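Peer 1: Following is a predicted model, sequence given first.
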Amino acid sequence: MISALVSAMPWLAAAACLLWLYSLRSNIVSHVDILWPLLHLMACVSMFISSESVTLRGSLLILVVTAWSVRLATYLAARAAGRGEDRRYAEIRARYGATFRYSSLVIIFLMQALLALIISAVFYPIITSQLPWRALDTLLLCATVVGLLYETIADQQLSAFLRRQSDTGQHQTQVLRTGLWRYSRHPNYFGEWIFWLSLALLAVSLGSWIGVVTVGLVSWLLLRFTGVARMERRTPSLRPDYLDYQRETPAFFPTFLWPRRWLKTVTKPSAQQLLLVLVGVTTLLPVQFPMAAPSSTSPAFEHWYFTAYIDDKEVGYHQFEVRRDGASTFLNGRADFEYRLWKVPLFSYFHEVSETYDRNLCLQEITSTTITRTDRVALHGRKTDAGFTLDGAANVPILEDCLTTFAYWTKEFLARDTLLNGQDGTLVPVQFSNLASENPDSAERVRLQADSLDLTLTYSNDGHWQGLESQLPAGRKLVYKLTSYRSEAPLEDLVEDQPLPQTTSIFD
């Protein structure tokens, strides 16, 4: 993630600097508000271009962020047309005096670029995740669209109201209390918050806590820094009717999120009764639909993400995704390492593999690509009537009845005495031995030995793979530390009329 943010940073900084140069000529820095949503779009596009694969989740994210960015930039540009400098920046200019022309580069333009970059970090796990599409992805991406529409409608209602205010005979103290502005005093900010909250929750659901940073920073900006707090201080002095509006209407969260408060705004008795029934039914839903009991069989889906270290130096990651569908098991794995000494790359390693197994963990098909600094090896093999055939290996079938690769993710592979090297297609005789557990949370430590290979695997009490250590030349050690693990129970384990399985984690 850090490298992706560093790669995006020059583009954001360059855009900020160019607009600053323009502000020196126009003597208006308010245009930085128009640049604000475009900075997020630039960061998102940069991460998308630099990602190693294109996913549905990442593609839809680009569409959503583009719609949000273009809509907000267009709205702000139309609002700023023909107007002078915004009151906020005029006050800052007066405070800094003659030095503002140059200090504004740092305190206004580059600062906004930095904040946009930090907020945009939430895009990275969404773009790069290789998890299969989930119902939760649909729900949260739809929530971003809802937030965008909510914000757009609120802005359009405000724009229409301000146009009417400019007509002859209108009172300038009138306050907008219709449409979405009936339910809260800042529905546009609430829609913006829903947009970013949904993206933050999506990132967290994919195993990245950067979403917490994003929603925390956005909440602070909207509620305390430039949004609600600033408007609430200034508006009552301009529109006296606003004091009554403050007493009757919540600032941020709409009244329909507070059933008792919303009920007071409904005057018809029949409508009040309907609302009470809906609230009562909602509170009973958790009782009617309890959680499914934990499954004792293999999960339908599992995802491991390991951070890789050589000694104490982080060198990359290795992730595994296993999906079980009836009689077949599908594996997708990806490893990406780079080891540097004094910022000089000594070696790099990339490995991507897809494997298909039958119910007995017998390999049916494999496709892999391995790239080092000097070589690129592609492997493809499949089970045939004559045996397991590897392309490019003189088409000589391997006559083993049941082949298995180094399938660390399941303890079933520990029963094998020969494994297939998923990089070059060679058969490797192996030996397994049990070791004493050094960690009380690990039920089993297994040593795997083969020619030029000596590694230790750890498994939890319930059989989940937890880590790996491998001895390297020159006394070095490769260590896999489990960063995140997710699983979903198989559908057949659900009790009738119970909800679909929820994602579980060994860290819960």
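Peer 2: Yep, it's here. Numbers count the residues shown, from 1 in each chain.

Peer 1: which stretches of the chain form helices?
Peer 2: Listed in chain order, the helices of the chain (DSSP state H) span residues 2-26, 32-50, 56-80, 87-96, 100-104, 111-120, 123-128, 135-165, 187-205, 210-220, 228-238, 242-248, 259-265, 269-288.

Peer 1: Quickly compare those helices and say which is most buried.
Peer 2: The densest packing among the helices of the chain, expressed as mean neighbour count by mean count of other C-beta atoms under 10 Å, is seen in helix 123-128 with a mean of 25. Yep, even glycine has a C-beta here, placed from its N, CA and C like the rest.

Peer 1: For it, which helices and strands make contact with it?
Peer 2: For helix 123-128, the packing partners by 3 or more C-beta pairs under 8 Å, 6 or more residues apart in numbering; DSSP states H and E come out as helix 32-50, helix 56-80, helix 187-205, helix 210-220.

Peer 1: Take the ones you listed and lay them out in CSV including mean pLDDT and distance to residue 370.
Peer 2: Shown next, in CSV, are the helices and strands packed on helix 123-128 (pLDDT from 0 to 100; distance: least, C-beta to C-beta, whole Å):
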stretch, mean pLDDT, distance to residue 370
helix 32-50, 90, 21
helix 56-80, 92, 24
helix 187-205, 92, 30
helix 210-220, 90, 30
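
Peer 1: Mind checking these for the one nearest to residue 369?
Peer 2: Smallest distance to residue 369 across those (C-beta to C-beta): 18.6 Å, for helix 32-50.

Peer 1: Now do that closest one against helix 187-205, angle only.
Peer 2: Regarding helix 32-50 and helix 187-205, their directions subtend 20 degrees when assessed with axes from the mean of the first three to the mean of the last three C-alpha atoms, to 10 degrees.

Peer 1: Now do helix 32-50: which elements does it pack against?
Peer 2: Contacts of helix 32-50 with other secondary structure elements, assessed using 3+ C-beta pairs under 8 Å, 6+ apart, are made with helix 2-26, helix 56-80, helix 111-120, helix 123-128.

Peer 1: Tell me the helices and strands packed up against the second one.
Peer 2: Packed against helix 56-80, as judged by 3+ C-beta pairs under 8 Å, 6+ apart, are the following elements: helix 32-50, helix 123-128, helix 135-165.

Peer 1: So which of these is nearest residue 458?
Peer 2: Minimum separation from residue 458 across the helices and strands packed on helix 56-80 (C-beta to C-beta) falls at helix 123-128, 25.7 Å.

Peer 1: now the closest one: mean pLDDT?
Peer 2: Summarised as a single mean, pLDDT over helix 123-128 is 90.

Peer 1: Report pLDDT for the residue lying closest to residue 301 once chain neighbours are set aside.
Peer 2: Counting by C-beta to C-beta, 6 or more residues apart in numbering, residue 301 lies nearest to residue 488, which is 4.3 Å off, once chain neighbours are set aside. Note on residue 488: pLDDT of 79.

Peer 1: so can I have CSV of the helices and strands packed on helix 32-50 showing distance to residue 305?
Peer 2: As requested, the helices and strands packed on helix 32-50 are exported to CSV (distance: least, C-beta to C-beta, whole Å):
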stretch, distance to residue 305
helix 2-26, 16
helix 56-80, 16
helix 111-120, 21
helix 123-128, 10
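
Peer 1: before we move on, back to that, and the helices and strands packed on helix 123-128: which comes nearest residue 121?
Peer 2: Across these, the minimum distance to residue 121, taken as C-beta to C-beta, is reached by helix 210-220, at 4.9 Å.

Peer 1: what angle do that closest one and helix 187-205 make?
Peer 2: Using the same axes, to 10 degrees, helix 210-220 lies at 170 degrees relative to helix 187-205.

Peer 1: Could you check the angle helix 210-220 makes with helix 111-120?
Peer 2: Going by the same axes, to 10 degrees, helix 210-220 makes 140 degrees with helix 111-120.

Peer 1: Now find how far off-centre helix 210-220 is within its chain.
Peer 2: When distances are taken as C-alpha atoms, centre = their mean, to the nearest Å, helix 210-220 is centred 13 Å away from the chain's centroid.

Peer 1: Alpha carbons of that helix, as CSV, please.
Peer 2: Included here for helix 210-220 are C-alpha records, laid out as CSV according to Å, rounded to 0.1, in the frame of the first residue of the first chain:
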residue,chain,number,x,y,z
ILE,A,210,-7.1,1.7,6.7
GLY,A,211,-10.8,2.1,6.3
VAL,A,212,-11.0,3.2,10.0
VAL,A,213,-8.5,6.0,9.2
THR,A,214,-10.4,7.1,6.2
VAL,A,215,-13.8,7.3,7.9
GLY,A,216,-12.3,8.9,11.0
LEU,A,217,-10.6,11.6,8.9
VAL,A,218,-13.7,12.3,6.7
SER,A,219,-15.9,12.5,9.8
TRP,A,220,-13.5,15.0,11.4
